[in-house]
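J.: below are the sequence and a predicted model; questions follow.
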Amino acid sequence: MSHRLAGCSSLDGDFFGFVYENEGWGHSGDAGILSDDGYRWPPKYQPGAWYDSDTYRAISLVHRNGKPIPGFNSEDEIMAWSVEHDKRVWDLDGVFPELQEATRLLRRVIADLAPDVTAVSLSLSGRVAWTSTFANYVFEGPSTYYPSVAEYQFPPSCPPLPVVTRAELTVLDRLSWGVDKVCSDTTDLAVFKYNPFVMRVGGDAWDELQIIYRLPRNHANILTPNALVVEELTGLGVVGFTTPFIPTPTLSRQSCFKLAWLRQLMSLIDELHFDYGIHHCDIADRNVFVHPDKPDEIILFDFNFSHEASSSYADDDDDDDPRDDIKGLIILTYTLITRDPEYKLYFLPSVDEQKVLAGAPGSWVKHPEVQLDADISVYYNEVMEWARKRRDGRQTPPSPPTHPIRPANRPVPPTDVVMLDGLEVDLIGLGSVMNRRRVGRPVLNWRRPPRQKLDPSRPILATGRYADEQGEYDRTRPKIAVPDPMRGFPQPPVVSGHGEGDEEEGDEEKKGEVEEEKGETEKKKGEGEEEDDTEDGTKRAPKRKRSDGDPVSATRARRVKETPERMN
């Protein structure tokens with residue numbers, strides 16, 4: 001079976017900026033700001049890193065036209081701006097025209113930058129004036145722990161799903177951030193859902209799988225998984241899942257809105273609440289398909305915000321859940337009837353329900369291109385009567401639910417603590433990808449070639465490699481041994497002597513350093529400044545000494561040297 005990546009027309013190719021603070025991150029569309037984490041330049045909230053949604057590449061834009069990209073000088077400035085513009089702190093898209101223009105220029109050149117470039121400076125016209133490969137210029141993302149299938153603790157009553165690796169999935173289309181249309185030898189068409197940038201153990205896949213794995217697999221109106229996807233390095237860590245590919249468009253792209261769809265959504269929300277004790281928490285037109293075989297029915301998907309009814313997204317001092325499913329269906333009904341441009345792409349926490357209901361139903365004006373099979377007042381009255389019954393206690397979920405779903409708690413990842421720059425750093429969980437690379441630990445790669453440079457004659461896999469490259473990579477990469485086959489990825493390296501061939505990726509480099517130190521001790525070559533021979537007779541690059549006595553390679557020294565002094 002031969003497959004090629006085609007189209008990609010649904011992917012807009014935007015960049016995701018993000019706010020990286022001590023406790024988390026958020027993306028802000030085309031504009032991104034990045035706080036100083038000790039490696040970057042002041043001011044504290046200067047824009048820095050962009051994530052390309054096409055390639056999953058992180059890159060820092062240092063200067064444009066010889067001037068630093070503008071940003072906030074303090075957290076107080078961010079808070080003052082958010083209050084003045086009535087926006088949440090992380091909703092920073094469009095704050096500075098310079099940021100959006102810089103993003104536009106960066107999008108034009110990123111595909112032509114060498115793979116190891118981490119930072120660029122652009123001229124006013126967008127010409128690349130300067131590049132660097134210095135690793136500390138970009139926060140590549142946190143490493144995370146991907147739990148094993150066993151750690152998900154799926155109940156025995158749930159039929160097990162097939163398990164495939166990323167290397168077994170051929171990408172046919174890039175649909176959006178973390179969503180690809182794929183196929184494999186066992187599946188013609190499927191959708192692979194994952195998160196290439198995660199901060200929590202297991203990422204969003206953990207939350208969503210805890211719910212949808214436990215829902216009935218044969219449910220006609222809920223999209224459930226058909227396979228678990230694990231990383232290809234050890235075959236243990238779950239990185240995502242696949243679902244059947246639905247060829248029909250979502251409600252957001254329909255020209256009609258059937259009353260039957262509204263009634264079915266009300267019934268489906270009641271079923272989730274009453275039978276399973278689950279709230280979807282992202283009821284929106286973009287998350288509802290029209291059933292491909294039954295045009296009067298719908299299919300609900302995207303459960304990555306879902307949770308048990310006992311929990312909520314409400315703040316401690318606010319009883320209203322901003323992701324309330326009842327609110328979600330009211331907003332969905334309004335947007336599908338009116339096509340109000342203010343809600344072309346909306347997120348429930350930022351929508352004011354009272355504003356939408358003000359003056360309704362008279363204030364709800366049908367868009368001329370929308371087809372309804374009843375008067376607007378019928379839609380309004382049905383959804384509001386349902387909402388009132390649910391909210392005033394006339395129709396309440398049973399306690400406990402009929403078939404309660406109890407998600408498992410996230411596992412505590414193993415620890416892999418090393419000393420870096422005089423500090424203890426755990427390389428699993430919240431350790432950065434950069435730190436793992438520094439000490440030679442294996443890193444799960446999410447980067448992939450830009451779509452405009454793909455070779456149409458070669459299948460591209462979900463690993464980001466072409467199929468012929470993946471085979472060679474699998475044959476030549478060192479085997480990664482794991483201490484516990486019941487745990488996920490990554491794990492601490494196996495202590496030497498635990499088996500033949502049990503070497504973690506990067507062990508060869510570390511072994512070479514040990515042999516070099518041993519050779520220097522035996523040969524007494526003053527301070528390690530002369531060349532020494534390896535066992536195979538090749539010459540090693542000369543070593544230099546840092547002030548603290550820690551050897552650093554000449555290559556790394558050159559990279560540090562190329563960093564402009566003005567950025568330090």
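T.: Sure, I can see it.
J.: going by C-alpha atoms from here, please, whenever you check contacts or count neighbours.
T.: Fine.
J.: where do the helices sit along the protein?
T.: With helices called from DSSP state H, the chain shows them at 75-84, 97-109, 203-212, 259-276, 325-338, 353-357, 376-391, 433-438, 467-476, 507-523, 554-561.
J.: and the fifth one, what does it pack against?
T.: Translated: helix 325-338. Identification of packing neighbours for helix 325-338 by 3 or more Cα pairs under 8 Å, 6 or more residues apart in numbering; DSSP states H and E yields helix 259-276, helix 353-357, helix 376-391.
J.: worst mean pLDDT among these?
T.: Among the helices and strands packed on helix 325-338, helix 353-357 carries the lowest mean pLDDT, at a mean of 92.
J.: can you list the buried residues in that helix?
T.: Burial within helix 353-357, assessed by neighbour count using 16 or more other Cα atoms under 10 Å, is assigned to Val356, Leu357.
J.: could you say what helices and strands it packs with?
T.: Of the remaining helices and strands, those touching helix 353-357 by 3+ Cα pairs under 8 Å, 6+ apart are helix 325-338.
J.: pull the CA atoms of the helix it packs on into CSV?
T.: Extracted in CSV, the C-alpha atoms of helix 325-338 (Å, rounded to 0.1, in the frame of the first residue of the first chain):
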residue,chain,number,x,y,z
ASP,A,325,-21.9,22.3,28.6
ILE,A,326,-25.3,24.0,28.9
LYS,A,327,-23.7,27.4,28.1
GLY,A,328,-21.8,25.7,25.3
LEU,A,329,-25.0,24.5,23.5
ILE,A,330,-26.6,27.9,23.9
ILE,A,331,-23.6,29.6,22.3
LEU,A,332,-23.5,26.9,19.6
THR,A,333,-27.2,27.5,18.7
TYR,A,334,-26.6,31.2,18.5
THR,A,335,-23.5,31.1,16.3
LEU,A,336,-25.0,28.5,13.8
ILE,A,337,-28.1,30.7,13.3
THR,A,338,-26.5,34.1,13.2
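J.: average model confidence for it?
T.: Here the average pLDDT along helix 325-338 is 96.
J.: that one vs helix 259-276, what angle?
T.: Angle of helix 325-338 versus helix 259-276, following axes from the mean of the first three to the mean of the last three Cα atoms, to 10 degrees, is 170 degrees.
J.: now the strands for the stretch 51-200 of the chain?
T.: Applying DSSP state E, counting those that start in this stretch to the stretch 51-200 of the chain gives strands spanning 58-64, 67-68, 119-122, 128-132, 163-165, 170-176, 179-183, 190-194.
J.: ok, of those strands, where does mean pLDDT dip lowest?
T.: strand 67-68 (a mean of 46).
J.: show me what Trp50 is bridged to.
T.: When assigned by DSSP bridges, Trp50 has beta-bridge partners Gly17, Ile59.
J.: so it makes contact with Ser60?
T.: Yes: with contact defined as Cα atoms under 8 Å, Trp50 counts as touching Ser60 (6.3 Å).
J.: the two: which is more packed in?
T.: Comparing Trp50 with Ser60 by other Cα atoms under 10 Å, the one with more neighbours is Trp50, at 30 against 22.
J.: now do the more buried one against Gly203, distance only.
T.: Using Cα to Cα, to the nearest Å, one gets 20 Å for the distance from Trp50 to Gly203.
J.: domain parsing for this protein?
T.: For the chain, automatic domain parsing gives the domain ranges 15-137, 141-245+413-498, 251-391, 506-568.
J.: those domains: lowest mean pLDDT?
T.: Among these, domain 506-568 scores lowest, at a mean of 37.
J.: what number of residues lie near the closest residue to His280 other than its chain neighbours?
T.: If the residues on either side of it in the chain are set aside, His280 comes closest to Ser306, at 4.4 Å by Cα to Cα, 6 or more residues apart in numbering. As a burial measure, Ser306 scores 21 neighbours (other Cα under 10 Å).
J.: contact partners for Ser306?
T.: Asp207, Glu208, Ile211, Ile278, His279, His280, Cys281, Asp282 (Cα atoms under 8 Å, 6 or more residues apart in numbering).
J.: tell me the one of those residues nearest Gly429?
T.: Among those, Asp207 lies closest to Gly429 (Cα to Cα), at 16.4 Å.
J.: my guess is that closest one contacts His280, does it?
T.: No: with contact defined as Cα under 8 Å, Asp207 does not reach His280; the gap is 11.4 Å.
J.: of those two, who's got more company?
T.: Of the pair Asp207 and His280, His280 is the one with more neighbours under other Cα under 10 Å, namely 24 against 19.
J.: tally of neighbours for the nearest residue to Ala374 once chain neighbours are set aside?
T.: Among residues not flanking Ala374 along the chain, Leu259 sits closest, at 7.1 Å (Cα to Cα, 6+ apart). Counted by other Cα under 10 Å, the residues lying close to Leu259 total 18.
J.: from Gln470, how far off is Leu259?
T.: 49 Å.
J.: ok, now which ones touch the residue nearest to Ala260 when sequence neighbours are not counted?
T.: Leaving aside its chain neighbours, Ala260 sits nearest to Asp296 (6.3 Å; criterion: Cα to Cα, 6+ apart). Asp296 is in contact with Lys258, Ala260, Trp261, Val290, counting by Cα under 8 Å, 6+ apart.
J.: surely the first one and Asp373 touch.
T.: Yes: in this structure Lys258 lies within contact range of Asp373 using Cα under 8 Å: 6.0 Å.
J.: which of the two has more neighbours?
T.: Shown here are Lys258 and Asp373; by other Cα under 10 Å, Lys258 has more neighbours (16 against 12).
J.: list phi and psi for that one.
T.: For Lys258, the backbone dihedrals (degrees, to the nearest 10) come out as phi -80, psi 140.
J.: any idea how far it lies from Thr248?
T.: As judged by Cα to Cα, Lys258 and Thr248 stand 15 Å apart.
J.: ok, now Arg166?
T.: In this view, Arg166 and Thr248 are 26 Å apart by Cα to Cα.
J.: more neighbours: which of these two?
T.: Arg166 (23 against 14).
J.: so what sits opposite Tyr146 in the bridge?
T.: Phe489.
J.: residue contacts, it?
T.: Neighbouring residues of Tyr146 by Cα under 8 Å, 6+ apart: Val201, Gly202, Gly203, Gly237, Val238, Val239, Gly488, Phe489, Pro490.
J.: mind redoing it with 6 Å?
T.: Taking Cα atoms under 6 Å, 6 or more residues apart in numbering as the criterion, Tyr146 is in contact with Gly202, Gly237, Val238, Gly488, Phe489.
J.: using TSV, lay out those together with neighbour count.
T.: Formatted as TSV, the contacts of Tyr146 follow (neighbours: other Cα atoms under 10 Å):
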residue	neighbour count
Gly202	26
Gly237	26
Val238	29
Gly488	26
Phe489	28
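J.: no further queries at this time; thank you.
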